[in-house]
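**Q** For reference, the sequence and a predicted model appear below.
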Amino acid sequence: MTTSTVSVTWAAAHSRRLTRQFLAAPAEGSAPDDLARTASALLGAHAQVLSAAELSLSVRHTEATRADVRAALWEAGTLTKTYGPRGTVHLLPTAELPLWTGALSALPAGRNVAADGVRLTVRQTDEVVAAIGDALDGVCLTADELTEAIVARTGPWAGELTMPAFQGMWPRWRSATHTASHRGALCFGPNRGRQVTYTRPRGVVPEAGDAALAELVGRYLRAYGPATPQSFAKWLAMSPSWAVDLFGSLGGRIERVDFEGEDAWVDAGDTEFAEEPVRGVWLLPYFDAFGIAAYPRERLFPGPARTRALARGQAGNYPLLLVDDEVAGVWHQRRSGRRIAVTVEPLRPLAPGRVRELERCVRRVGDALE
């Protein structure tokens with residue numbers, strides 16, 4: 001691990017993140033490859049609510065709309081909807097699935113708290129993942145159709161209704177859904193009416209775990225650095241001690257810097273920061289990657305922003321009003337036909353010039369959502 005003499009301020013780090021994530025200057029183009037490059041820069045767009053991911057990607061382009069994102073996802077296939085960081089649904093660049101599946105499948109498994117009769121053994125998990133990959137090869141299946149296919153390939157035990165879910169019960173195999181996704185055996189297909197479908201991403205062979213994790217650390221640091229092992233652990237929902245060990249194993253691939261008086265890391269050699277801060281106003285949707293992954297929290301969410309824009313310390317539950325280098329409020333939208341009413345709740349009065357910037361942002365949201 002290399003130690004440099006570089007000192008980085010919050011303003012410099014924040015400005016570089018804004019620039020690298022196409023907020024300081026939106027990307028040109030709206031073609032499928034353009035949107036995949038943007039998703040790569042974000043390390044995936046959170047898509048638990050697909051419309052939020054569509055907006056996250058669109059507003060980082062000068063002219064892209066949600067229709068362009070859908071075309072990249074369902075027609076061109078440069079984006080894939082699958083389980084990404086923290087086991088949550090993301091839009092990831094299809095070309096990078098070998099990296100993501102290699103890294104995510106190499107993460108240490110957490111303690112399985114499910115009771116006997118619900119918990120899958122290691123052998124059963126491997127059987128289910130193999131059955132999922134085989135059943136989904138070249139087709140899209142609903143959950144019920146996939147259950148039938150898995151049971152036919154494994155046995156009735158995989159279809160036993162043992163997992164509490166919403167107001168009913170799910171079959172046992174569903175506990176292996178994330179594992180199957182992380183091993184490259186499953187991703188989402190286009191909805192069939194109101195029903196979710198699953199398919200298998202074509203030709204995905206996970207990269208070797210150690211190499212993939214090292215590459216993922218480097219990409220995380222380029223997108224969100226300077227950063228600590230603890231912030232990387234939170235981004236992945238992993239143990240901080242595991243992340244400390246991982247960072248320690250990377251040797252000269254990462255570089256220690258002084259970040260506001262604390263030790264933090266950047267990708268080796270990636271120590272260029274602009275002297276002038278980036279200033280502006282931005283509207284970020286639910287679960288936007290910038291708000292979730294940017295640390296330290298107290299600098300991005302100062303004072304009243306911590307109580308208004310975070311949920312028990314977690315980012316993502318509120319769309320964010322970003323002014324210069326901090327969260328300065330939240331916003332909401334209500335759609336009615338072809339119109340959207342946007343309500344912004346700033347935490348402090350905005351100067352007239354900032355109000356004009358905000359109006360520009362609102363127009364861009366309307367354009368992106370068509």
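**A** Sure thing, it's come through.

**Q** any idea which element the residue lying closest to P108 once chain neighbours are set aside lies in?
**A** In this structure, P108 finds its nearest non-sequential neighbour in W242, 6.1 Å apart by CB to CB, 6 or more residues apart in numbering. Every C-beta, even on glycine, is put in place using the N, C-alpha and C of the backbone. Using DSSP states H and E, W242 sits in helix 240-248.

**Q** Sheet-wise, list the partners of the next helix or strand after that helix with their directions.
**A** Downstream of helix 240-248, the first helix or strand assigned by DSSP H and E is strand 254-259. Paired with strand 254-259 in the same sheet, following DSSP bridges, are strand 2-8 (parallel), strand 262-267 (antiparallel).

**Q** Okay, angle between the shortest one and helix 240-248 too, please.
**A** Which is strand 262-267. On the basis of axes from the mean of the first three to the mean of the last three CA atoms, to 10 degrees, strand 262-267 is oriented at 50 degrees to helix 240-248.

**Q** List of residues touching strand 262-267?
**A** Contact partners of strand 262-267, identified using CB atoms under 8 Å, 6 or more residues apart in numbering, comprise 1, 8, 218, 221-222, 225-229, 247, 253-258.

**Q** What are the boundaries of the helices in the stretch 201-350 of the chain?
**A** Counting by DSSP state H, counting those that start in this stretch, the stretch 201-350 of the chain has these helices, from start to end: 209-224, 229-236, 240-248, 289-293, 297-300, 304-309.

**Q** Please list all residues in contact with A31.
**A** So A31 contacts 68, 72 (CB under 8 Å, 6+ apart).

**Q** Which residues does the longest strand anywhere in the chain contact?
**A** Counting by DSSP state E, the longest strand found in the chain is strand 326-336. Residues external to strand 326-336 that are found in contact with it (CB under 8 Å, 6+ apart): 283, 291, 299-302, 305, 308-309, 318-323, 340-348, 350, 365, 369.

**Q** Strands of the stretch 1-150 of the chain, residue ranges please.
**A** Assigned by DSSP state E, counting those that start in this stretch, the strands in the stretch 1-150 of the chain fall at 2-8, 45-46, 79-83, 89-93, 141-142.

**Q** With mean neighbour count, mean pLDDT and distance to S105 added, can I get those strands in CSV?
**A** CSV is the format used below for these (neighbours: other CB atoms under 10 Å; pLDDT from 0 to 100; distance: least, CB to CB, whole Å):
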stretch, mean neighbour count, mean pLDDT, distance to S105
strand 2-8, 13, 79, 29
strand 45-46, 27, 96, 20
strand 79-83, 24, 98, 11
strand 89-93, 25, 98, 14
strand 141-142, 18, 97, 22
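
**Q** Nearest to R70, out of the ones you listed?
**A** strand 79-83 (9.2 Å; CB to CB).

**Q** Packing partners of that closest one?
**A** Other elements packing on strand 79-83 under the criterion 3 or more CB pairs under 8 Å, 6 or more residues apart in numbering; DSSP states H and E are helix 32-42, strand 89-93, helix 97-105, helix 177-182, strand 187-192.

**Q** Just say which of the ones you listed is most tucked in.
**A** Among those, ranked by average contacts under mean count of other CB atoms under 10 Å, first place goes to strand 89-93 (a mean of 25).

**Q** Kindly export that strand (C-alpha atoms) in CSV.
**A** Provided in CSV are the C-alpha atoms of strand 89-93 (Å, rounded to 0.1, in the frame of the first residue of the first chain):
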residue,chain,number,x,y,z
VAL,A,89,-31.5,-4.5,-7.9
HIS,A,90,-29.2,-2.4,-10.2
LEU,A,91,-28.8,-1.6,-13.8
LEU,A,92,-25.2,-2.7,-14.6
PRO,A,93,-23.3,-2.5,-17.9
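
**Q** Can you check what angle separates that strand from helix 32-42?
**A** Angle of strand 89-93 versus helix 32-42, following the same axes, to 10 degrees, is 120 degrees.

**Q** What strands line up against strand 89-93, and which way round?
**A** strand 45-46 (antiparallel), strand 79-83 (antiparallel).

**Q** just to revisit the earlier point, which residues are contacting the helix holding W242?
**A** Applying CB under 8 Å, 6+ apart, the external contacts of helix 240-248 come out as 1, 108, 213, 217, 229-230, 232-234, 236, 254, 265.

**Q** The same query, at a cut-off of 10 Å, please.
**A** Contact partners of helix 240-248, identified using CB atoms under 10 Å, 6 or more residues apart in numbering, comprise 1, 107-108, 210, 213-214, 216-217, 221, 227-236, 238-239, 253-254, 256, 265.

**Q** Mind giving me the ChimeraX select for the residues you listed, buried ones only?
**A** Command for ChimeraX that selects the buried part of those, burial taken from 16 or more other CB atoms under 10 Å:
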select :107,213,214,216,217,221,227,228,229,230,231,232,233,234,235,236,238,253,254,256,265
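
**Q** Contact partners for the closest residue to R70 other than its chain neighbours?
**A** Take R70 and drop its neighbours on the chain: the residue closest to it by CB to CB, 6+ apart is E54, 7.1 Å away. Listed by CB under 10 Å, 6+ apart, the contact set of E54 reads 35, 45, 47, 64-70, 73, 91, 285, 368-370.

**Q** Tell me which of those residues fall in helices.
**A** Among the contacts of E54, DSSP state H puts 35, 66-70, 368 in helices.

**Q** Of the residues you listed, which count as buried by neighbour count?
**A** For the ones in helices among the contacts of E54, buried by 16+ other CB under 10 Å: 35, 66, 68-69, 368.

**Q** of those residues, closest to G203?
**A** Among those, L35 lies closest to G203 (CB to CB), at 20.6 Å.

**Q** so the closest one touches E63, yeah?
**A** No. Between L35 and E63 there is no contact under CB atoms under 10 Å: 11.6 Å.

**Q** that older thread, could you dump the helices and strands packed on strand 79-83 to TSV with distance to A152?
**A** Listed next are the helices and strands packed on strand 79-83 as TSV, based on distance: least, CB to CB, whole Å:
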stretch	distance to A152
helix 32-42	36
strand 89-93	27
helix 97-105	25
helix 177-182	16
strand 187-192	20
